[in-house]
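[1] Quick one, what's the 3D model for this:
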Amino acid sequence: MGWVPSPPVHAFSDFRNFCRAAAKSKLRFMRTKSVTEKRQAKRFPLQLPVALKAENAADGNQTENISSGGVKFYADSNVEIGATVGFTIRMPKDVLGAPQDVLVNCSGRVIRCDRIKRRYAVAVVIDDYDFKRC
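    The predicted structure follows:
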């Protein structure tokens, strides 16, 4: 799925610069509905704390990788494929080179949920997100 940015983000060369600039300018992005190819965006192997916004969600969830189009994280409970989920990723200030942590509030759809030992690997396509400074 492609992103329709406002303002354009083509000048950002990597995820850190993108997040830093987006957090400063409070950018918001919306998804288009056309699908041409899966995994169009570069994935970054970042282990960051993620909090699911659900009644039975436990703390201690962590991302495995993240891109502009999706995220893979580990959770303690099964999440139904196709379910709409809300979650928050905390971007540490030292990763961003910023004076404070930034919360990335996301909503998306679960496209995969695999049991791995005692946890679940959950892959989510991000439909919408916004930034909030801590």
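[2] dump the residue contacts of Val122.
    72-75, 79, 110, 112-113 (Cβ atoms under 8 Å, 6 or more residues apart in numbering). Placement of C-beta: from N, CA and C, glycine included.
[3] wait, I meant Tyr120
    Tyr120 neighbours (Cβ under 8 Å, 6+ apart): 74-79, 113-114.
[4] hang on, the earlier thing: just the buried subset of the contacts of Val122, please.
    72-75, 79, 110, 113 (16 or more other Cβ atoms under 10 Å).
[5] circling back: out of the contacts of Tyr120, which comes closest to Phe44?
    Tyr74 (16.1 Å; Cβ to Cβ).
[6] any idea which element the closest one lies in?
    strand 70-75 (DSSP states H and E).
[7] And that strand, what does it pack against?
    When contacts are defined as 3 or more Cβ pairs under 8 Å, 6 or more residues apart in numbering; DSSP states H and E, strand 70-75 sits against strand 49-52, strand 61-66, strand 84-91, strand 102-116, strand 119-133.
[8] Can you give me the first-to-last residue distance of stretch 75-84?
    Stretch 75-84 has an end-to-end distance of 15 Å (Cα to Cα, to the nearest Å).
[9] that older thread, let me have the contacts of Val122 in JSON lines, extended by distance to Ala41.
    As requested, the contacts of Val122 are exported to JSON lines (distance: Cβ to Cβ, whole Å):
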{"residue": "Lys72", "distance to Ala41": "13"}
{"residue": "Phe73", "distance to Ala41": "16"}
{"residue": "Tyr74", "distance to Ala41": "20"}
{"residue": "Ala75", "distance to Ala41": "22"}
{"residue": "Val79", "distance to Ala41": "21"}
{"residue": "Val110", "distance to Ala41": "18"}
{"residue": "Arg112", "distance to Ala41": "16"}
{"residue": "Cys113", "distance to Ala41": "21"}
